[in-house]
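Asker: this one's sequence-less:
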């Protein structure tokens, strides 16, 4: 082997047939053993099988592909991606049996899905009356949101509409699904739901994938939920056992979203899996490991780095003062280095973590005042533009990708102050069966009084669309020309949006194999989050959930107040998950960990209240 492995790691890498459960703590080298096992299995080019490697973050998938880049034809010999990406591929190739024809069009935005439900309710007299009975317009919007959440909950539990017991729930669910299908679209939850249905109803298709992928590897398996585990069981059937799960119950921080570490135990039982534990920490300094052990006394480490490191608590008078403390600390590290960090400490080697998005306001203001570069990732949300012109350009791209998309066509017509298209009208027939979509949209723009309509239509023409290729950057350039005619604030917003789209396009082009790039494929990858940049220049601002799987030489964990972290609402199991989140946050640090908190905080209603340090800070100060 070209890399050094511990005896436990070596045991995993040489494991061949049969199920394997790997319990791997933070920094234990799980990505290394995953990739080295894949490298060994693929070492014989005469073998004509593929490996299915599933992760829960696109960053982890990208890292695995990079480590295996020297394996000949790795993209053809292995599928490395998220479970949702795999489901997208399955449905694109075999989805006709469950009503999916070609590459699925995903409605990933909440507002889009809520509009689908609203339109479906409005078209149904019974549901319209049911909604009216809930109260005024504000109450009705709240009810629509609760209905949408319930539909997502049912889909995530793999409950099909016909299985719903409550008559009203079933009616709402079916109306919403009919609305999606009316635009030839799916939502994010459908990817797992319909793939599960496909494997359940067509076990021969599941068997085909098991024969194609001789080995299945699943990373971060403590994040499996009921639907994902049942999907795995449906894929494998009763015979296929060449599955490896890698996970760590101590890092289970998505229980609120249905995930649970119990599926590690179920897998061990259901698949009669061999179990191997990786108990070293090759990532973090001694100080960080000791702090993590105080947060979770059950965390046992056998072997670690001979680097002392730092864990330090810093208080500030208020949130603005906390931001100054953080910035001054980082400035000092940039200038003077630290003996426990190899080489100069650059902004890219540092991260500021917070329990929620709401703790970053003062820090962002301070970083901006110092003109420091930073990148921010506060959720896994898909790309969302702020400027009207880019929002409308995205609508036009969606219609171009899917001319049956009545939802986004209706939105675009409303924004352009045009009458809504009627089903079976001359306009609809012309769109679906006559003129090209670009010509149709251009004609609509010329009929509109909106100042943006022609800009969007001209940008659409600039992309030189064909069914297998298009030039997105040319369209964005046309929008930027328009931006340069606007006032400073409006221009800045548009330019920020086009920069984000350029980043996503650049990553998509570099990661896609082959020469062609379709609009459907690009928008599908954006919806799945696979075009998000793995790293960006500057200091990283991250919520703890979005920092999962990452590591930095310097981590500053801010907002460490009782009531903020742990959250004041957390009780019972939720409080246990808060402690696991603190454990995950701490172990993102490779060398230096700083924990900060404001001693007072201005509340949303204006009061200034004293703050107590988090219980997790008290753990850091214990001898």
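Answerer: Perfect, thanks for sending it. Predicted model only: the values in this text are computed from it and were never measured.
Asker: So for the helix or strand containing residue 541, mean pLDDT?
Answerer: Secondary structure from DSSP states H and E places residue 541 in strand 539-543. Strand 539-543 shows a mean pLDDT of 94 in the predicted model.
Asker: how close does the closest residue to residue 593 other than its chain neighbours sit to residue 616?
Answerer: Nearest non-adjacent residue to residue 593, counting by CB to CB, 6 or more residues apart in numbering: residue 311, 4.7 Å away. In this view, the C-beta of every residue, glycine as well, is placed from N, C-alpha and C. Per CB to CB, to the nearest Å, residue 311 is found 11 Å from residue 616.
Asker: any common contacting residues for those two?
Answerer: Taking CB atoms under 8 Å, 6 or more residues apart in numbering as the contact criterion, the common neighbours of residue 311 and residue 616 are residue 595.
Asker: List the beta-bridge partners for residue 310.
Answerer: Beta-bridge partners for residue 310, by DSSP bridges, are residue 592.
Asker: Assess the claim that it and residue 591 are in contact.
Answerer: Yes - here residue 310 reaches residue 591: they are 7.4 Å apart, a contact under CB atoms under 8 Å.
Asker: what does the strand holding residue 541 contact?
Answerer: Counting by CB under 8 Å, 6+ apart, 330, 347-348, 350-357, 360, 363-364, 367, 372-379, 547, 550, 552 sit against strand 539-543.
Asker: In contact with residue 92, which residues?
Answerer: By CB under 8 Å, 6+ apart, residue 92 lies in contact with 100, 102-104.
Asker: quick check, nearest of those residues to residue 301?
Answerer: Checking the contacts of residue 92 against residue 301 by CB to CB gives residue 104 as the nearest, at 43.8 Å.
Asker: Scan the helices and strands of this structure for the one with the lowest mean pLDDT.
Answerer: When each helix and strand of the chain is scored by mean pLDDT, DSSP states H and E, helix 426-433 comes last, with a mean of 52.
Asker: picking up where we left off before, what about the residue nearest to residue 593, how many residues close to it?
Answerer: Neighbour count for residue 311, taken as other CB atoms under 10 Å: 22.
Asker: try residue 45
Answerer: Each residue near residue 45 was counted by other CB under 10 Å, and the total is 10.
Asker: What confidence value was assigned to it?
Answerer: At residue 45, the pLDDT value in this model is 71.
Asker: which SS state does the nearest residue to it once chain neighbours are set aside fall under?
Answerer: Of all residues not flanking residue 45 in the chain, residue 72 sits nearest, at 6.5 Å (CB to CB, 6+ apart). Using DSSP: H, G, I helix; E, B strand; the rest coil, the structure places residue 72 in coil.
Asker: any idea how far residue 72 lies from residue 47?
Answerer: Counting by CB to CB - residue 72 and residue 47 are separated by 12 Å.
Asker: more crowded one of those two?
Answerer: residue 47 (11 against 8).
Asker: Now go through the contacts of strand 539-543 and say which are in helices.
Answerer: Counting by DSSP state H, the contacts of strand 539-543 place 330, 363-364, 367 in helices.
Asker: can I get these in a markdown table with neighbour count, distance to residue 217 and pLDDT?
Answerer: Shown next, in a markdown table, are the ones in helices among the contacts of strand 539-543 (neighbours: other CB atoms under 10 Å; distance: CB to CB, whole Å; pLDDT from 0 to 100):
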| residue | neighbour count | distance to residue 217 | pLDDT |
| --- | --- | --- | --- |
| 330 | 21 | 38 | 97 |
| 363 | 25 | 38 | 96 |
| 364 | 14 | 38 | 95 |
| 367 | 23 | 39 | 96 |
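Asker: Let me have those residues in JSON lines, adding distance to residue 171 as columns.
Answerer: Below are the ones in helices among the contacts of strand 539-543 laid out as JSON lines (distance: CB to CB, whole Å):
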{"residue": "330", "distance to residue 171": "55"}
{"residue": "363", "distance to residue 171": "47"}
{"residue": "364", "distance to residue 171": "45"}
{"residue": "367", "distance to residue 171": "50"}
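Asker: Now the two most distant members of those residues.
Answerer: Pairwise distances across these peak at 13.8 Å for 330 and 364 (criterion: CB to CB).
Asker: Start from the N-terminal end of the stretch 51-200 of the chain and give the helices.
Answerer: Secondary structure of the stretch 51-200 of the chain (DSSP state H, counting those that start in this stretch): helices located at 58-67, 74-77, 83-94, 110-122, 125-132, 137-156, 167-182, 188-201.
Asker: Please compute how far the third one lies from its chain's middle.
Answerer: Spelled out, that is helix 83-94. Helix 83-94 sits 16 Å away from the centroid of its parent chain (CA atoms, centre = their mean, to the nearest Å).
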